[in-house]
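>>> Model the structure of this input:
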Amino acid sequence: EYRQAIADASAHSGVPQGVLAAQIDQESGWNPEAVSPAGAQGIEQFMPATWAEWGNGADPFDPHAAIAAQGRYMKHLHDQITPLSSDGNESIRLSLAAYNAGPGAVFEHDGVPPFQETQQYVQTITTAAGGTGGADACNSLGDLSIDGVGEDDYPYREPVGVDGWGHPRSAFGHTQ
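Just a heads-up that it's a prediction; the model follows:
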């Protein structure tokens, strides 16, 4: 039931459908009524202040409105972090990191921040999306259940950016 909403959010944001679908799975497990202990709401787990800015006055528990807001917000984040990225896969990773930890943390660390939660978030989503930013993973979207989300089949499939989830100039000293 969310295929068209995801396709529209992908077209608006430039983020592949597979990444957006894997992000929803990671955020809420596709539960439009989800509420986190921190107060994040809905299928895309927007915090109330973020929803107030990006939700266009809609109900945060409306999954179609939340997916549209996801597209708007991911485009905004992508546009912000573009100066840090050297290619499309890296910009996807950095956009996901900004969604999870905030764009300030991405700029402060000149890449994916060295926060375990954020690094796992980025790796889980990019791996679930097919390891290449999701360009192929959900174009047909099938049943949209994304088998294997949260499971790491490394070394058979590398996360986006090939080197895992470190930025070339990250605190971990990864280089490309």
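>>> tally of neighbours for P83?
8 (other C-beta atoms under 10 Å). No exception for glycine: its C-beta is placed from N, CA and C like everyone else's.
>>> That one falls within a helix, correct?
Yes: residue state for P83 (DSSP: H, G, I helix; E, B strand; the rest coil) corresponds to a helix.
>>> Which pLDDT value does the model give it?
pLDDT, P83: 90.
>>> Point to the residue nearest the middle of this protein.
L96 (4.0 Å; C-alpha atoms, centre = their mean).
>>> Could you verify my assumption that that residue touches V19?
Yes: using C-beta atoms under 8 Å, L96 makes contact with V19 at a distance of 7.4 Å.
>>> Give me the mean pLDDT for stretch 26-43.
96.
>>> Any idea how far that stretch is from the middle of the chain?
Relative to the chain's own centre, stretch 26-43 is displaced by 14 Å; criterion: C-alpha atoms, centre = their mean, to the nearest Å.
>>> got the buried residues for that stretch?
26-28, 32, 34, 40-43 (16 or more other C-beta atoms under 10 Å).
>>> Now the residue nearest to the centre of the chain: closest residue in space that isn't a chain neighbour?
Once flanking residues are discounted, L96 sits nearest to V122: 4.8 Å by C-beta to C-beta, 6 or more residues apart in numbering.
>>> Please, which helix or strand holds A11?
Element membership of A11, judged by DSSP states H and E, is helix 3-13.
>>> swap that for I67, sorry
Going by DSSP H and E, I67 is in helix 63-81.
>>> Pull the distance from that helix to the chain's centre.
Its chain's C-alpha centre and that of helix 63-81 lie 10 Å apart, by C-alpha atoms, centre = their mean.
>>> residues in contact with it?
Helix 63-81 has contacts (C-beta atoms under 8 Å, 6 or more residues apart in numbering) with 2, 5-6, 8-15, 20, 23-24, 32, 42-44, 46, 50-51, 54-56, 58-60, 91, 94-95, 98-99, 103, 106-107.
>>> In strands, which of those fall?
Among these, no residue falls in strands (DSSP state E).
>>> could you flag which of those are buried?
Here, 16+ other C-beta under 10 Å leaves 2, 5-6, 9-10, 13, 15, 20, 23-24, 32, 42-44, 46, 50-51, 54-55, 60, 91, 94-95, 98-99, 103, 106-107 buried among the contacts of helix 63-81.
>>> Show me the helices in the chain, by range?
In the chain, the helices defined using DSSP state H lie at 3-13, 17-28, 48-54, 63-81, 88-101, 103-108, 116-128.
>>> re earlier: output the helix holding A11 as CSV, nothing but the C-alphas.
Extracted in CSV, the C-alpha atoms of helix 3-13 (Å, rounded to 0.1, in the frame of the first residue of the first chain):
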residue,chain,number,x,y,z
ARG,A,3,4.6,1.7,-3.1
GLN,A,4,3.5,4.9,-4.7
ALA,A,5,4.3,7.0,-1.6
ILE,A,6,7.8,5.6,-1.6
ALA,A,7,8.2,6.1,-5.3
ASP,A,8,7.1,9.7,-5.0
ALA,A,9,9.4,10.3,-2.0
SER,A,10,12.3,8.8,-3.9
ALA,A,11,11.6,11.0,-6.9
HIS,A,12,11.5,14.1,-4.8
SER,A,13,14.5,13.3,-2.6
